[in-house]
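Trainee: Structure for the following, please:
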Amino acid sequence: MAFALVKGIVSSGSAAEVTVSDKDEEKLAKFSELGVRTSLHNSEAVRAADAVVLAVKPNIVPLVLDEIKDLLGDKILISIAAGVSLENILAKLGSGAKIVRVMPNTPAQVSCGMAVLSPGNNVSDDEAAAVEAIFRSVGEAVILDEKFMSAATALHGSSPAYVYMMIDAMADSGVKYGLTKKQALLLAAKAVEGSAKMVLETGEHPSVLKDNVCSPAGTTIAAVCELERSGFKSSLQQAIDACVEKADNMVK
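Mentor: Now for the predicted structure:
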């Protein structure tokens with residue numbers, strides 16, 4: 001996720017303003033190819049920053065916070081660590097810390113990301129807007145109460161995986177009927193891209209857009225009826241339920 005986010009920010013022309021720190025030199029070499037500054041020391045990156053993005057696995061968060069807490073001062077800490085609550089971070093940094101919890105997604109890498117932000121009580125409206133602007137540079141961003149973070153994780157953070165599975169399944173069917181996998185992937189992926197754009201730009205409910213594609217006694221309604229029979233919608237809803245439950249259980 002960190003690489004996707006940095007790549008997206010760099011594509012907006014902000015490489016010179018980004019410093020990435022990691023103890024793994026091979027990972028840093030990958031980031032260096034994007035034109036950003038790199039360091040083996042978290043302290044060096046924090047000192048140079050106005051805002052610090054904590055992009056580590058949840059189990060690593062306490063170790064990193066112990067390392068940088070005395071360097072943060074009035075800087076904004078942006079955490080994209082899944083399942084780590086604002087309360088938990090405040091307990092490590094102190095009650096006056098400025099924290100914004102964020103759940104982005106990997107399409108940020110192609111400047112089509114979606115991020116949900118939950119600012120802590122010490123973050124001003126202007127500061128929250130500045131963090132929002134960072135994530136808007138790589139897609140869309142919305143501010144929601146932290147209580148919705150697990151649901152948001154399931155709906156946009158994890159959901160690219162569900163969509164990739166659908167695209168792959170559609171493409172496999174195309175291959176079954178004679179298309180090359182490359183051809184089938186293009187058709188399937190562009191259909192998903194265009195359908196999402198229709199939802200966002202027309203303002204029509206998805207069910208209305210679906211009905212608009214279905215001609216009486218046509219091919220599309222036959223496919224839709226089969227999807228309903230096989231539990232397509234309920235399977236997605238159950239997957240989202242499982243994701244929300246897992247996210248809730250991770251919160252600490």
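Trainee: C-alpha only now, for contacts and for neighbours.
Mentor: Fine.
Trainee: who's in contact with the top helix by length along the chain?
Mentor: Scanning the chain for the longest helix, with DSSP state H as the assignment, gives helix 181-202. Outside helix 181-202, the residues that touch it by CA atoms under 8 Å, 6 or more residues apart in numbering are I167, D168, M170, A171, D172, G174, V175, E204, H205, P206, L209.
Trainee: I'd like the residues you listed as a markdown table, with pLDDT appended.
Mentor: Listed next are the contacts of helix 181-202 as a markdown table, based on pLDDT from 0 to 100:
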| residue | pLDDT |
| --- | --- |
| I167 | 98 |
| D168 | 98 |
| M170 | 98 |
| A171 | 98 |
| D172 | 98 |
| G174 | 98 |
| V175 | 98 |
| E204 | 97 |
| H205 | 98 |
| P206 | 97 |
| L209 | 98 |
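Trainee: Name the member of these with the most neighbours.
Mentor: A171 (23 neighbours; other CA atoms under 10 Å).
Trainee: and it, what does it touch?
Mentor: By CA under 8 Å, 6+ apart, A171 lies in contact with K181, A184, L185, L187, A188.
Trainee: and the gap between it and V100?
Mentor: 39 Å (CA to CA, to the nearest Å).
Trainee: for stretch 92-111, the distance to its chain's centre please.
Mentor: Put simply, stretch 92-111 sits 10 Å off its chain's centre (CA atoms, centre = their mean, to the nearest Å).
Trainee: again, but for stretch 68-77
Mentor: 24 Å.
Trainee: Check the separation of the first and last residues in that stretch.
Mentor: One end of stretch 68-77 sits 10 Å from the other (CA to CA).
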